[in-house]
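> Pasting the sequence and the predicted coordinates here, then a few questions.
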Amino acid sequence: MPLPETTATATATATATSQRLPLTLFGMPLGIAGLGGAWSAAAVAVHGPRWPAEIFYGSSSALWLTFVIVYLRGGTRTRGAFGDDLRHPLSGPFASVIPLVAVLLSAHYTTYNFMVFAWICGVAIAALAVVVAQLIAHWLSGAVDLYAIHPGYYIPAVAGPFIASIGLSAIGLRPLAIAAIGAGLFFWVAMTAIVAVRMLIGERLPDALRPAMTAFVAGTSTANLAWIIAHPGRVDQAQELMTGVLALMLLVQGALIGEYRTLSFSGGWWIFTFPLASTTNYAIRWFSAVRPAGWEIYAWVVLGCTTLFILFIAVRTAETTVRARVARDHRRDR
């Protein structure tokens with residue numbers, strides 16, 4: 001069970017942040033950007049159309065910009081708001097998603113204007129590094145109880161460096177991209193041990209955080225993506241080793257489907273989208289590099305299933321939002 005003071009701190013912080021945009025909402029543009037990346041990979045690997053990628057990247061950009069404006073507007077009204085969000089034991093790790101999305105979007109748009117978006121990508125990577133460093137320093141200070149840790153801690157510590165590597169590869173800084181992979185590999189091992197211990201000896205995650213168990217896949221898939229992008233061409237032994245880890249993580253997620261099916265639909269389902277999209281992105285690139293028999297069919301099947309699932313979540317989100325608004329208006333009119 002969480003320590004009483006930890007629970008009290010989390011509750012107080014949650015109350016203070018209730019008037020601001022929840023950081024977990026940034027999972028929406030993250031997942032959509034990830035899907036755009038998968039379609040970009042398909043455009044090269046299997047000569048798929050480019051317009052779906054542009055639609056998804058454009059939608060992600062619009063959502064990200066809107067959420068950032070709303071978040072910043074809410075934060076400026078409360079002194080110390082941003083620091084409180086970073087220190088929150090449950091939602092704090094999701095603060096890294098803001099620059100993560102910016103890295104993915106700017107890396108994509110370098111194909112249109114390299115100079116401008118390379119600078120934006122560099123700034124986003126620097127911002128990501130600052131946020132991740134602050135988060136890790138906060139964790140190492142002993143301010144977070146072990147029982148408050150959840151798989152979402154993978155996002156800044158593990159996926160963060162790997163996505164930074166993808167951005168650095170996109171702007172032509174390969175040595176730094178390799179260095180970022182090194183940082184990601186270190187925290188991949190460290191965070192796996194920490195999160196695994198918490199999951200084994202701690203209490204069951206609340207339903208709202210159970211989709212975060214897919215972060216194990218997000219860390220592994222982004223590791224594979226970062227490596228294959230930094231080492232284009234023939235798949236090497238390091239890639240084969242990491243692909244094996246990803247296959248194991250996917251099998252574990254398959255075994256957890258029964259638990260996921262018991263969850264009622266909520267905005268937390270967006271947490272599923274980026275691990276799925278990044279895995280699809282990597283699968284398409286891996287199929288293209290290895291070229292097993294029928295690989296193009298496999299690539300299209302994986303991409304189609306992922307796209308349908310994310311579109312399903314988007315439709316359900318819109319439907320749920322409309323119903324909630326109608327119910328709220330109805331109560332107000334009574």
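Thanks, I have it. Residues are numbered from 1 along each chain as shown.

> contacting residues for residue 135?
86, 92-93, 95-96, 156-157 (CB atoms under 8 Å, 6 or more residues apart in numbering). For every residue, glycine as well, the C-beta is placed using N, CA and C.

> Closest one to residue 56 out of these, please.
Distance ranking of these against residue 56, using CB to CB, places residue 96 first at 21.2 Å.

> For the closest residue to that closest one other than its chain neighbours, the count of nearby residues, please.
Once flanking residues are discounted, residue 96 sits nearest to residue 156: 3.6 Å by CB to CB, 6 or more residues apart in numbering. Residue 156: 28 surrounding residues under other CB atoms under 10 Å.

> close enough to count as contact, residue 156 and residue 91?
No. If you go by CB atoms under 8 Å, residue 156 and residue 91 don't touch, sitting 11.9 Å apart.

> Could I get the contacts of residue 135 in JSON lines, plus columns for secondary structure?
Listed next are these as JSON lines, based on DSSP: H, G, I helix; E, B strand; the rest coil:
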{"residue": "86", "secondary structure": "helix"}
{"residue": "92", "secondary structure": "helix"}
{"residue": "93", "secondary structure": "helix"}
{"residue": "95", "secondary structure": "helix"}
{"residue": "96", "secondary structure": "helix"}
{"residue": "156", "secondary structure": "helix"}
{"residue": "157", "secondary structure": "helix"}
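
> Just want the phi and psi numbers for residue 203.
For residue 203, the backbone dihedrals (degrees, to the nearest 10) come out as phi -80, psi 170.

> Kindly report the same for the one 4 residues further on.
Note on residue 207: backbone dihedrals following degrees, to the nearest 10 are phi -60, psi -40.

> Identify the residue nearest it in space, chain neighbours excluded?
In space, residue 207 is closest to residue 263, 5.6 Å off (CB to CB, 6+ apart).

> again, but for residue 44
residue 288 (7.6 Å).

> so what's that neighbour up against?
By CB under 8 Å, 6+ apart, the residues touching residue 288 are 41, 44-46, 295, 299.

> With residue 220 instead?
188, 242, 245-246, 249.

> buried sites along the helix or strand where residue 299 lies?
Here residue 299 is covered by helix 295-333, with elements defined by DSSP states H and E. For helix 295-333, the neighbour count (16 or more other CB atoms under 10 Å) marks 295-296, 298-299, 302-303, 306-307, 309-310, 313-314, 317 as buried.

> neighbouring contacts of stretch 176-194?
By CB under 8 Å, 6+ apart, the list of residues contacting stretch 176-194 reads 136, 146, 149, 153-154, 157-162, 164-166, 168-169, 216, 219-220, 222-223, 226-227, 229-230.

> Filter those residues down to the buried ones, PyMOL style.
A single PyMOL command selects the buried members of these (16+ other CB under 10 Å):
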select buried, resi 136+149+153+154+157+158+159+160+161+162+164+165+166+168+169+216+219+220+222+223+226+227+229+230
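
> any idea of the mean pLDDT in stretch 142-149?
Mean pLDDT, stretch 142-149: 79.

> Off-centre distance for that stretch?
Offset of stretch 142-149 from its chain centre (CA atoms, centre = their mean, to the nearest Å): 21 Å.

> Report the separation between the two terminal residues of that stretch.
12 Å (CA to CA, to the nearest Å).

> likewise stretch 201-220?
End to end - CA to CA - stretch 201-220 spans 23 Å.

> before we move on, the earlier item: in the helix or strand hosting the residue nearest to residue 44, which residues are buried?
If you go by DSSP H and E, residue 288 is part of helix 273-290. Residues 273-289 are the ones in helix 273-290 that count as buried (16+ other CB under 10 Å).

> can you list the weak-confidence ranges in this structure?
1-20, 75-81, 329-330, 333-334 (pLDDT under 70).
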